[in-house]
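Chemist: Any chance you can model this:
(one chain, ligands or ions: 1)
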Amino acid sequence: MRLTGQCHCGNVKATFDSQKTPQELGVRTCQCAFCRAHGAVNISDPDGLTTIDGADADINRYTFALRTADFLICKTCGVYVAAVMGEGERIVSTLNIAGLRIKAFDGVGEAPMDYDAETTASRIDRRYTKWTPTKFLDPELACSNFGPH
Ligand SMILES: [Zn+2]
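Modeler: Got it, this is the predicted structure:
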């Protein structure tokens, strides 16, 4: 399936390609204060592909706590779009389908997740294992580093 979404103002768009169904993928609600403040509902597929279409100038890259990922926030409308980690050919992300208003997962049970007990190393490993390989259409972002290096 191919799903598309965008932030509230439309400056940041995302496309998610996966061979799995929404039921097979499931959705996660991270319980950290940032994700709850945004009402985030996240999806990822390590065998899929996410494409983020937004200009570097339109995206704020917020980091906090362990600073192991960049949280992409639209500078215009304030929607949290995705969390991104990595560099070069190894960039992975998790999409916030609530912010992007992707409706295909309506009715899929949410799995609350609490990652507080993770070490930094295990958090990074989990993301590379679980998150979606990601590319950016804006070359400024495509050659960027996200999170730890
Ligand atoms: Zn926006």
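
Chemist: after the top helix by length along the chain, next one along is what?
Modeler: When the chain is parsed with DSSP state H, its longest helix is helix 120-130. Next in sequence after helix 120-130, counting helices and strands by DSSP states H and E, comes strand 132-136.

Chemist: same for the next helix or strand after that next one, what does it pack against?
Modeler: Using DSSP H and E, the helix or strand that follows strand 132-136 towards the C-terminus is helix 139-142. Packing contacts for helix 139-142, counted by 3 or more Cβ pairs under 8 Å, 6 or more residues apart in numbering; DSSP states H and E, involve no helix or strand. Quick note: C-beta positions are derived from backbone N, CA and C, even for glycine.

Chemist: circling back to that earlier point, in the longest helix of the chain, which residues are buried?
Modeler: Judged by neighbour count (16 or more other Cβ atoms under 10 Å), helix 120-130 contains these buried residues: 123, 124, 127.

Chemist: And for stretch 24-35?
Modeler: 25, 27, 28, 30, 35.

Chemist: can you list contacts of that stretch?
Modeler: 18, 36, 40-45, 64-65, 71, 80, 94, 97, 105, 108-116 (Cβ atoms under 8 Å, 6 or more residues apart in numbering).

Chemist: tell me which element the residue of the chain most remote from its centre falls in.
Modeler: Within the chain, residue 117 marks the point farthest from the mean C-alpha position, 20.8 Å out by Cα atoms, centre = their mean. Using DSSP H and E, residue 117 is not contained in any helix or strand.

Chemist: Before we move on, what's the pLDDT of it?
Modeler: On the pLDDT scale, residue 117 is placed at 91.

Chemist: same check, this time on the one 10 residues further on
Modeler: The pLDDT attached to residue 127 in the predicted structure is 93.

Chemist: and the closest residue to residue 48 other than its chain neighbours, what is it in contact with?
Modeler: Once flanking residues are discounted, residue 48 sits nearest to residue 18: 3.8 Å by Cβ to Cβ, 6 or more residues apart in numbering. Neighbour list for residue 18: 1, 3, 25, 45, 47, 48, 49, 132 [criterion: Cβ under 8 Å, 6+ apart].
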